[in-house]
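Asks: Sharing a model prediction with you, sequence too.
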Amino acid sequence: MQLHSSLIKKRSRSSLALIPCIIFSVNPSAFLSFATSPQPYEPKRFVRIIHPLYDLHHHRGPTSPSSSSATASHHYASLLQSLIEGKAIEPGKQIHAHLLVTGIGLSTIVATKLVNLYSVCNHLPHAYCLFDRIPKDNVFLWNVLIQGYAWNGPHQAALSLYHQMFEYGLHPDNFTFPFVLKACSALPALQQGREIHCHVIRAGWESDVFVGAALIDMYAKCGCVATARRVFDNVLVRDVVFWNSMLAAYSQNGHPDEALCLCREMAFAGLRPTVATLVAVISASADIAALPQGRELHGFSWRHGFDCQDKVKTALVNMYAKSGWVRVARRLFERLAEKRVVCWNSMIAGYAMHGHTTEAFALFEEMKKEGAPPDHITFVGVLSACSRGGLMDEGWKFFESMVKEHLIEPTVQHYTCMVDLLGHSGRLDEAYDLIMRMKVRPDSGVWGALLHASKIHRNVMFGEKALERLIDLEPNDAGNYVILSNIYAQAGNWEGVAWVRGLMKERGLKKSIALSWIEVKNKTHAFLVGDTSHPQSDEIYAELERVGGLMEEAGYVPDTAPVLHDVEDDEKGRMITSHSERVAIAFGLINTPPGTRLLVNKNLRVCDDCHVAIKFISKITAREIIVRDVNRYHHFKDGVCSCGDYW
DNA sequence: GTAGGGTTAG
């Protein structure tokens, strides 16, 4: 027996342990084995493992007697089972060939294992080919194939297989449902997902924790968070992963508050968080720039040893960048052991959000130099940096290099950045042309970008075109209607204003109430417009008046045109000087030592007048004031804002 | 014998 061996390291899915697979070549035909023994390789152990196979190969075992044949089947099946666990496709292929070449043939059990192996290793054409030629009378066989298509696509194939099962008189079980639901999440396919949910209920699996998690994931990916929550409530025996699914559902669908609240419930229920819990919750606090929670979670991660996990670190980088602590984010980023593309993306996007274009571009260059290939999300970050900075030429250059050099097909998000960039420069007709020429279906983001650009450049025609589409795409988003109403008001078209307001009333839409919050001494203080509920209310308004006087001396003229009331139009008759962000800033001024940087958050965009006012405040009080609105960061310093007055 | 969750942009 001539042997030559090579060691292949395969990652086991469950434990991430390294499983050495030793491949041997045996005369006359290629032959192989594997060893799950720990390294270093032990010859004695190897011989014990190879022995039965060696016998089989020389036809000493699996000849005509049925008992021997059954033994052979058993040996091959257990061999294949280990290959499945190690996801070792090549040895599997060789066994398959060997069985066919030597005429040993495939028993049902061996064929099933091969389908399983091909399926988990994403060799689906092989898996299907084999599946097609064997009896399909057990659910297990269908499950493994559906699993393969659900993980690797085409996802539609998983769904057709699921439907075919019924034609064979088989019924899906508690394994089938998670697999096929995974395919629905990936597509995403809500209608089919709902149908499967009905089957789940009929089959009595709705309180199964695995099926439940899959349903939550499916509904979350389809944007139906409320339904996901109903599923969550119906499952009474919950484990950590199940909780994590619901946390992720909230965190990924723009419900960060609910995610944070659920996390507290989870802790109360006595469950210990995992890496996935922390990643979901940290990213939820990043979404609302909840720095106190974010820092608390950072501390928790550190105390429980999660902070050395790169995924947690990346989530923290993202959280600090989004919460206005870019330098802290960068320090953490530098300490990452392995900078994966997501880490670079997170940091680049962080810079872009703050309008730090130079840093964003520099990091992009560094990334390429370090040999980390940028992906489509990297380009979303870089392009949004261009659009924040109004850098038209650079934007096109990046867009073209993405397509030509990096062979990345532009997605709807890239087009959104480009529309934003063109809109920024007032080239609304070009922006509209680009939307018309897009290879992908324009979504609400693209039309939203055109709508905002129309507002800034006071263009009624493109504003109307954009709202027309947005009414179809997100009919219940009050913000869109308000922007067009603003555009009409700016143009003095009061009929237009009345029409839009009428439309909103008819549809029962109300603009969200404006809210600003500021963190002082580790405590968050939130304010509504004209808020007088704070214990320091009198001092706050005295400060607003004092600063207001200085501002007028410096040349500030409050713009009281009706349009200004539209960002926070709930406060009819109230003074714009009491807009929530100004109240929060005044609170910050009286509660922090002179010169301290103020960081204010707002749930809507800053209105035009407040933007002007805050520029004055920053100069008069010699403070750096950072306002994070729903769209971006504004760094006010010495009477200038980093957004260049475009937001 | 087959399982489920997590980082990025807008």
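Replies: Good, I have the coordinates.

Asks: What parts of the stretch 201-350 of chain A come near DNA strand B?
Replies: Contact residues, the stretch 201-350 of chain A versus DNA strand B (C-beta under 7 Å from any atom of the strand): A:208-214, A:217, A:239-242, A:244-245, A:248, A:251-252, A:274-277, A:279-280, A:283, A:286, A:309-312, A:314-315, A:318, A:322, A:340, A:342-343, A:345-346, A:349-350. No exception for glycine: its C-beta is placed from N, CA and C like everyone else's.

Asks: Which elements pack onto the helix or strand that contains A:Ala220?
Replies: If you go by DSSP states H and E, A:Ala220 is part of helix A:209-221. Contacts defined by 3 or more C-beta pairs under 8 Å, 6 or more residues apart in numbering; DSSP states H and E place helix A:209-221 against helix A:176-186, helix A:190-203, helix A:225-234, helix A:240-252.

Asks: Mind putting the ones you listed into a markdown table with mean neighbour count?
Replies: Shown next, in a markdown table, are the helices and strands packed on helix A:209-221 (neighbours: other C-beta atoms under 10 Å):
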| stretch | mean neighbour count |
| --- | --- |
| helix A:176-186 | 25 |
| helix A:190-203 | 16 |
| helix A:225-234 | 17 |
| helix A:240-252 | 23 |
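
Asks: related to what we said a few turns ago, which PyMOL command selects the buried ones in the residues of the stretch 201-350 of chain A next to DNA strand B?
Replies: To isolate the buried ones among those in PyMOL, judged by 16 or more other C-beta atoms under 10 Å, type:
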select buried, chain A and resi 208+209+210+211+212+213+214+217+242+244+245+248+251+252+276+277+279+280+283+286+309+310+311+312+314+315+318+322+342+343+345+346+349+350
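
Asks: orientation of the helix holding A:Ala220 relative to helix A:176-186 in degrees?
Replies: Helix A:209-221 and helix A:176-186 meet at an angle of 10 degrees, taking axes from the mean of the first three to the mean of the last three C-alpha atoms, to 10 degrees as the criterion.

Asks: what are the ranges of the strands in the stretch 451-600 of chain A?
Replies: With DSSP state E, counting those that start in this stretch, the ranges of strands along the stretch 451-600 of chain A come out as A:515-520, A:523-528, A:598-602.

Asks: Those: which one's closest to A:Ile196?
Replies: strand A:515-520 (39.4 Å; C-beta to C-beta).

Asks: List the neighbouring strands of the closest one plus their orientation.
Replies: strand A:523-528 (antiparallel), strand A:598-602 (antiparallel) (DSSP bridges).

Asks: Among the ones you listed, pick out the one with the most neighbours on average.
Replies: Mean neighbours per residue, mean count of other C-beta atoms under 10 Å, is largest over the strands paired with strand A:515-520 for strand A:598-602, with a mean of 24.

Asks: how about A:His171, what does it touch?
Replies: Taking C-beta atoms under 8 Å, 6 or more residues apart in numbering, we find A:His171 in contact with A:139, A:165, A:203.

Asks: Equivalent analysis for A:Val209, please.
Replies: Contacts for A:Val209 were tallied using C-beta under 8 Å, 6+ apart; they are A:235, A:237-239, A:242.

Asks: roughly how far apart are it and A:Asp393?
Replies: Distance of A:Val209 to A:Asp393, computed by C-beta to C-beta, to the nearest Å: 54 Å.
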